Each structure stands twice: as C-alpha cells, then as structure tokens.
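Asker: Only the shape, not the letters, is given here:
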C-alpha cells in the first residue's frame, strides 16, 4: 500500500525515526498509524537487546530540589550526538520527574518507579528504541537538608551539562554555598570530612606512604611524623572539608564554610562517563 509523505512526516516527527523505517512500517501496517508505531517500537526493542553490551560514555546530568529533598541523576547514552538530541534531553527530564515523584534514592528503585502507564525502565527502553542507541540510567542520588546548592557544568558549550553537584547545607549564604558546589565540581572530593573516610582506606594509604618513606631512606625516628604529614595530603585529596578552596588556596573549605556561617551535611557529584 502506498502511503503519503504527510503521514510519513507526521509519524517521524512524533517518534523521531528514520525515513525508510517509518515508510516501511506504515506500508506494513496498511497506513494504520497506531499499528505502524507498534511495529517501529518492536523493531526498536529488538535493537535494544543487541545494544546491551555497548558502552555508554556520553549523556547528561540533571538535578531537582524541593521540600527539603534534592535529587541528582546521570542519564547515559553512546554518543554526544544523541546527548544533545531534544528527545534525549526530554527523556532525562521525564526520568528525573518520575524519580522525584517516587522519592527513590538508587538506580534499582528508580528504574522500577512508575512512569506513565509503565515504569521508568520501560520509558527508557521505548525511547532508546526510537533514538537508536543504548540508553541507561546510570546513577541516582537523593539528599535531604535545609537548603541546597546545585551546580551543573557544561564541559562543552554544545552539549548538556555533564558535571553535576548538589550540596545540602544549613545557613543563609547561598552565594558561598554555590561557590563550594563549584569547587566540588572541580576538586572531586569523595567524602565530606576525614572522619568519613573508611578506616580500611586510611590504613591502606598509611601502609603505602610508610613504604614509600622507608624506600626514600627516611630515618625510622622521623617516620611517624612523615607518614602523618603524607596522610594529611591524602585527606586533602579525598575529604571536602580538608581541601584548599579553589578560589583561594590559602583557605581550607572548612574555614570558608565557618566564615560564611554554613554547615554542609552532604553532597553528591556526578561526571558523565566517570
């Protein structure tokens, strides 16, 4: 059956599918748009299964705050071409909205959350079928707090944000809180304070720096002080409150927060693909 260019165009705009695939589906469906849509989705679902082992190193981050809760998600895809596609950006918005509505705090719960007449997983699969790439919800973070500072950074002006930070804090200096969020996006701390660093990680680092110090021929009597000094450098690398402030390396983050009357209770940082 011959189908009109108008029908092909209409369905392509609705689904974002290719010209040939759309034309073939309409012909197979005898011009029935709903049936053609189902044919295209089934074809896309089969493609999703074939794409399961592909890597997703591109994508975007998105965040939301409200009523004492904030969320950060990473939605991943295969190429930067798709990452900036309007349908992919809209999908991220829809996924975030579903995550917020369900109040979930991890990926497993998020993909099972209701979305439309199905789940988030189903919504992602449907759009992946249309987009033609593997798409996955890679990470979800949920924070509670009095206030939040959100910073979304574009590593490329032509792409959506690929680094996202949410900081939960108490206090009234929103400008400094946002500056700390920017610092986190750059410095990539893993923990809030040195007390939050797992004991196993600290002991492993202690063994490493002690071995390095002995290998450098440091005297045994001086080793404890040298090891503690090097552990301090380790804490500056991984603990936010110990880090030197990106805007003024003469100040530590804990001093910046104290001067601004702020207290940080938690943070989340995602970078696409890392």
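Answerer: Yes, it's here. The model shown is predicted, which means the values in this text are computed figures rather than measured ones.
Asker: backbone phi and psi for the nearest residue to residue 257 once chain neighbours are set aside, please?
Answerer: Leaving aside its chain neighbours, residue 257 sits nearest to residue 264 (6.3 Å; criterion: C-beta to C-beta, 6 or more residues apart in numbering). Yep, even glycine has a C-beta here, placed from its N, CA and C like the rest. Dihedral pair for residue 264: phi -90, psi 130, per degrees, to the nearest 10.
Asker: Equivalent analysis for residue 80, please.
Answerer: Torsion angles at residue 80 (phi, psi; degrees, to the nearest 10) stand at phi -70, psi -20.
Asker: quick one, what contacts the residue nearest to residue 257?
Answerer: Residue 264 makes contact with 167, 168, 169, 180, 192, 240, 241, 257, according to C-beta atoms under 8 Å, 6 or more residues apart in numbering.
Asker: mind checking how far it is from residue 191?
Answerer: 12 Å (C-beta to C-beta, to the nearest Å).
Asker: Can you work out which residues contact both of these two?
Answerer: By C-beta under 8 Å, 6+ apart, the residues touching both residue 264 and residue 191 are residue 240.
Asker: Buried ones in stretch 193-205, by neighbour count?
Answerer: Buried residues in stretch 193-205, defined by neighbour count with 16 or more other C-beta atoms under 10 Å: 194, 197, 205.
Asker: Would you mind putting these into a markdown table with distance to residue 56 alongside?
Answerer: Shown next, in a markdown table, are the buried residues of stretch 193-205 (distance: C-beta to C-beta, whole Å):
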| residue | distance to residue 56 |
| --- | --- |
| 194 | 34 |
| 197 | 30 |
| 205 | 32 |
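Asker: Looking at those residues, which is nearest residue 269?
Answerer: Minimum distance to residue 269 across the buried residues of stretch 193-205 is 16.0 Å, recorded for residue 197 (C-beta to C-beta).
Asker: That closest one against residue 236, yeah?
Answerer: No: using C-beta atoms under 8 Å, residue 197 is not in contact with residue 236; the gap is 11.5 Å.
Asker: was I right about residue 22 contacting residue 11?
Answerer: Yes: Residue 22 is within contact range of residue 11, at 5.2 Å (criterion: C-beta under 8 Å).
Asker: So those two - more neighbours on which side?
Answerer: Comparing residue 22 with residue 11 by other C-beta atoms under 10 Å, the one with more neighbours is residue 22, at 25 against 21.
Asker: Quick one: the strands in the stretch 151-274 of the chain, in order.
Answerer: 163-170, 244-245, 248-252, 263-271 (DSSP state E, counting those that start in this stretch).
Asker: Tell me which of those strands sits most buried.
Answerer: Of all the strands of the stretch 151-274 of the chain, strand 163-170 has the most neighbours on average by mean count of other C-beta atoms under 10 Å, namely a mean of 23.
Asker: between that strand and strand 263-271, how big is the angle?
Answerer: 170 degrees (axes from the mean of the first three to the mean of the last three C-alpha atoms, to 10 degrees).
Asker: Beta-bridge partners for the residue nearest to residue 257, please?
Answerer: residue 169 (DSSP bridges).
Asker: so how far is residue 60 from it?
Answerer: 25 Å.
Asker: same thing with residue 168?
Answerer: In terms of C-beta to C-beta, residue 168 sits 22 Å off from residue 60.
Asker: same deal with residue 261?
Answerer: Between residue 261 and residue 60 the computed distance is 34 Å (C-beta to C-beta).
Asker: more neighbours, these two?
Answerer: For residue 261 versus residue 60, the count of surrounding residues by other C-beta under 10 Å is larger for residue 60: 24 against 11.
Asker: Quick check: mean pLDDT of stretch 103-116?
Answerer: Mean per-residue pLDDT for stretch 103-116: 96.
Asker: which parts of it are buried?
Answerer: Within stretch 103-116, the residues scored as buried using 16+ other C-beta under 10 Å are 104, 107, 110, 111, 113, 115.
Asker: What is the burial count for the residue nearest to residue 170 when sequence neighbours are not counted?
Answerer: In space, and not counting its chain neighbours, residue 170 is closest to residue 146: 4.4 Å by C-beta to C-beta, 6+ apart. Residue 146 has 12 neighbours, counted by other C-beta under 10 Å.
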